[in-house]
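> I need the structure of the sequence given here:
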Amino acid sequence: MGIGEFDREAYVAEASGAAAAPRTLAEALRARGDDGLAALLRARPDLLGPVPNDLTQLATRAGTRGSVIRAIERLDRFSLQAAEALAVAPDPTPYPVLLALLAGDEGDAEIEAALPAAVALLREQALVWGGDERLRLVRTARELLAPSAQHPSPTGLGPTVAEATSGMSPGRVQEIIAAAGLTSTHDPVSAVAALTELFTDRTRMGELLDTAPPEALAVLDRLVWGPPYGEVTANPAPPVRWLRDRGLLLPVSPRTMVLPREVALHLRGGRAHRTPEPVPPEPVVQRDYRPQVVDSAAAGQAYVALATVEELLKSWDRGGPPVLRAGGLAVRDLKRIAAALDVSEPIACFWLELGYAAGLLASDGEADERYAPTPAYDDWLDLPPAERWARLVTPWLTATRTSGLVGGQDAKGRTLSALGPDLDRSSAPEVRHRVLLLLATLPPGAAADPESLLARLRWERPLRGAEGSASTADLRSRIARWTLEEAELLGLTGRGALSGPARALLNLPLAEAATPAEPGGGVELSVAATRAATLLAPLLPEAVDHVLLQADLTAVAPGPLRRPLADALGVLADVESKGGATVYRFTPGSVRRALDSGQTATDLHDFLAKHSTTPVPQPLAYLVDDVARRHGHLKVGAASAYVRCDDDTVLGEILADRRSAPLGLRRLAPTVLAAQTDPVSLLDGLRSMGYAPAAESAEGDVLIARADAYRTPARTAPVPVPDGPPSPDSTLLSAAVKAIRAGDRAATAVRKEPTTPTAAGTLPRTSAAETLATVQAAAMTGSAVWIGYVNAEGSASQRVIAPVRVEGGFVTGYDHTADEVRTYPLHRITGVAELADDQV
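Residues are numbered from 1 along each chain as shown. Now for the predicted structure:
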């Protein structure tokens, strides 16, 4: 078994084995093998920053509050319930006591089968240590999970009798003992012990409760599953007084009573949790489809996704909407985009964020900052459709930006905007992968019930609900719902079932589902994306090079058009409707747009005849000729601006038209008008009056308005925000375990007592002469010594070295701590000590 593997059954056997019981977590870690340490570091990578010097430092770091919270947040529900049960159990806890707290007096076969693996997981992550006869929850975890008045436990249990009576007078304790029918004692400690013994004795406790009034039992029923605290008046009702007098309710303040933990456990039948969940809920099949139907539906949606992203960014060719001062897109611009795409605003947010994550759009960084496509968008357009799809789904899988949050509020009450800040949620990639992998556990073609998927996710990470904002909703479940919707929009699923290309993207077998493992199965995501694109390519509709021209000035594209034809037709006509076939409409404005781009009427006639499978309708030919005849009749240049026309009657008509008043026109010559507006505004104004002017340069040449797109400077896609430290690979794990072991050997090596006593844990201190003599002697005898060393940065450390050469003010030897031969300056060695004889 390699360093990257871990045999949990062997680890459980080792933990319950019977060598000397460890007294600390450090000793428990020291008893582990290299595989056990590697498993701990893999599960809790934050322990590696930086690599601990020895196992004592590793144990200390594993017990810090931040690290323990991160580890607890990643526990599944049953492992968390086991930890919560240990937090309310005596410390240390025998394994049978823990089992009884989870399974209750009646027992539960599923809990008995699942508990060993849960305890092994807690041991693996260093949240629990010790053998089965003495299980110990690390102190920080106990503080976090143990019940208190300020932080109630999910178990709903209150304090123990000893904790609840800690501030009670000895006389009052004796009164409770007497009322409960127990013999008085001479001290409060034995009295509390006797009361605890009574409450934990099932027979005697049952006899005591048999004498309770029904109203008192009703009070206990209301408190038994928590919260265990209740408010009382200065003069409690008789049922409450009966319970208080016998210690079944104990005061924590003048107006507050609490149900002791031992009493609650008796009433619960010994169970710490109302509903233990040892077995994860399985995803439920909602409906079955043939895999071919699923793949076809997914491919159709993948094509729609490509067309939608292209349509969105093509509309920004001349520059997109402005960037808000605080970053992001204004609400009015989002509404405008949603209307243009004919989708809802949340869906429009998704497409915007998808393009941003893929690096296809960004802000231009100018003074009047606007959004626009990036140069990468043009490269993306040149790719085959299947590869373009892969370029979209790959960043979606790993992106931490979450479009579903748009419209909500951040922690400061500010509204979150599309493409704006504070949309990163570090758990989003993990949730997306997990949702897709859960879908992959179902047979091909099976669509899952969304609620069953959410139930499974809540079981796997019960404490990862709220993140980032203070929302009370379960963020993990919300991201999962968004994932299901977005996967359908991208064509990763079809009719709710995982498609074949999606299985390839996740590196799963295509014929049947595999047991989910780590996303990608160790294969690079780019390689998996290439496989997925290869599978999707034959499912996408073939691009066509023709259209069907109709007499109503429309053209029907019977499928996706090839790139040159689509670009040219997009200039000559406007898209009227999309779907299985795209309908284009020819208008005077669209034909003028094509003429402005430098084409002539002859060019347009040839283009239509070449790419139409039907004859060019006469109305369309007339439309092209009519617009071309009037195009360029007027010339607009910069004076501020002027209008030039060989026909002075046309200029007279313009001056006489009231609509020309805002342009500030006046006649300079029979064929020239001057304007008080800029050329662009003058062109737009004349076109709105029904004319077809052409722009000209200062030299009098006609300016061709080609459809050259505006692009931002080169931009990189946003970097995902990591969810904690990255997972270490096997090489790093092996090196870290080796370094920790070496450092621990140096730290725990038994040394001879120095002639000058030093405080425990400090570096040895010897004179320069003593240091030189000791290392020379060690080099001659081939023995190892313990040295204190301070490096050039002033960092002090302890090392065990075997000197082989001492010369020129340096000592060269084998460093057991670093496991390599090193050379140290003698003047940086603070002191030296010989190792004990049994360590040499």
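
> pLDDT weak spots in this structure?
Where the chain drops to pLDDT under 70, the residues are 1-20, 464-473, 508-523, 579-580, 632-639, 698-708, 749-764, 836-840.

> Centre-most residue in it?
Note on the chain: the residue nearest the mean C-alpha position is Ser427, at 1.9 Å, using C-alpha atoms, centre = their mean.

> wait, that one sits on Arg478?
No. Using C-beta atoms under 8 Å, Ser427 makes no contact with Arg478, being 10.9 Å away. C-beta: built from backbone N, CA, C; applies to glycine.

> Select the longest helix from this protein.
For the chain, the longest helix by residue count, based on DSSP state H, is helix 291-314.

> Distance from the chain centre to that helix, please.
From the chain centre to the centre of helix 291-314 is a distance of 25 Å (C-alpha atoms, centre = their mean, to the nearest Å).

> list the buried ones in it?
The neighbour-count check on helix 291-314 (16 or more other C-beta atoms under 10 Å) flags 291, 294-303, 305-306, 308-314 as buried.

> And the residue nearest to the centre of the chain, how close does it get to Ala113?
The gap separating Ser427 from Ala113 is 30 Å, by C-beta to C-beta, to the nearest Å.

> What is the burial count for Ala164?
Other residues within reach of Ala164, judged by other C-beta atoms under 10 Å, total 22.

> same question, Asp245
Asp245 has 14 neighbours, counted by other C-beta under 10 Å.

> all helices for the stretch 301-450 of the chain, in order.
Taking DSSP state H, counting those that start in this stretch as the test, the helices found in the stretch 301-450 of the chain are 331-341, 345-357, 375-381, 385-398, 428-440, 450-460.

> what's the closest of the ones you listed to Val192?
Nearest of the helices of the stretch 301-450 of the chain to Val192, taken as C-beta to C-beta: helix 450-460 at 38.8 Å.

> could you give the angle of the closest one to helix 428-440?
Angle, helix 450-460 to helix 428-440, by axes from the mean of the first three to the mean of the last three C-alpha atoms, to 10 degrees: 120 degrees.

> Contact partners for the residue with the largest distance to the centre of the chain?
Largest separation from the mean C-alpha position in the chain: Pro670, at 70.6 Å (C-alpha atoms, centre = their mean). By C-beta atoms under 8 Å, 6 or more residues apart in numbering, Pro670 lies in contact with Asp648, Leu651.

> Quick check: it vs Ser169, distance?
Taking C-beta to C-beta, one finds Pro670 at 115 Å from Ser169.

> Same check on Ala446?
Ala446 sits 66 Å away from Ser169, going by C-beta to C-beta.

> With neighbour numbers in mind, choose between these two.
Per other C-beta under 10 Å, whichever of Ala446 and Ser169 has more neighbours is Ala446, with 21 against 10.

> Identify the residue spatially nearest to Ile392, adjacent ones excluded.
In this structure residue 392 is Leu, not Ile. Nearest residue to Leu392, sequence neighbours excluded (C-beta to C-beta, 6 or more residues apart in numbering): Ala358, at 5.6 Å.

> That neighbour is in contact with Val393, isn't it?
No. Applying C-beta under 8 Å as the test, Ala358 and Val393 come out as separate, 9.3 Å apart.

> I figured Asp34 hits Val737, correct?
Yes. Using C-beta under 8 Å, Asp34 makes contact with Val737 at a distance of 5.1 Å.

> so who does the nearest residue to Glu311 once chain neighbours are set aside touch?
Once flanking residues are discounted, Glu311 sits nearest to Leu341: 6.6 Å by C-beta to C-beta, 6+ apart. Counting by C-beta under 8 Å, 6+ apart, Leu341 touches Thr308, Glu311, Leu312, Ile347, Ala348, Trp351.

> got it, and Arg136?
Taking C-beta under 8 Å, 6+ apart, we find Arg136 in contact with Asp91, Pro92, Thr93, Val128, Trp129, Gly130.

> from those, which single one is nearest Thr398?
Nearest to Thr398 among the contacts of Arg136: Val128, at 33.4 Å, using C-beta to C-beta.

> Would you mind giving both backbone torsions of the closest one?
Phi and psi for Val128, reported as degrees, to the nearest 10, are phi -130, psi 140.

> swap in Thr93?
Per-residue torsions, Thr93: phi -120, psi 120 (degrees, to the nearest 10).

> okay, now it: neighbour count?
For Thr93, using other C-beta under 10 Å, the count is 22.

> From Ala87, how far out is it?
On the measure of C-beta to C-beta, Thr93 and Ala87 end up 10 Å apart.

> if I look at the two, which residues touch both of them?
Common neighbours of Thr93 and Ala87 (C-beta under 8 Å, 6+ apart) are Leu137.

> just to confirm, which helix or strand has Asp35 in it?
Using DSSP states H and E, Asp35 sits within helix 34-43.

> for that helix, which positions count as buried?
Within helix 34-43, the residues that count as buried by 16+ other C-beta under 10 Å are Asp34, Asp35, Gly36, Leu37, Ala38, Ala39, Leu40, Leu41, Arg42, Ala43.

> next one: stretch 576-591
Using 16+ other C-beta under 10 Å as the test for burial, stretch 576-591 gives Thr582, Val583, Tyr584, Phe586, Pro588, Ser590, Val591.

> And for stretch 815-832?
Residues Asp815, His816, Thr817, Tyr824, Leu826, Ile829, Thr830, Gly831, Val832 are the ones in stretch 815-832 that count as buried (16+ other C-beta under 10 Å).

> check contacts around the last one.
If I follow you right, that is Val832. Contacts of Val832 by C-beta under 8 Å, 6+ apart are Pro764, Thr766, Glu770, Thr771, Thr774, Val775, Val785, Trp786, Ile787, Gly788.

> quick one: contacts for the nearest residue in space to Pro825 that is not next to it in sequence?
Excluding the flanking residues, the one nearest Pro825 by C-beta to C-beta, 6+ apart is Phe810, at 5.8 Å. With contacts defined as C-beta under 8 Å, 6+ apart, the neighbours of Phe810 are Thr823, Tyr824, Pro825, Leu826.
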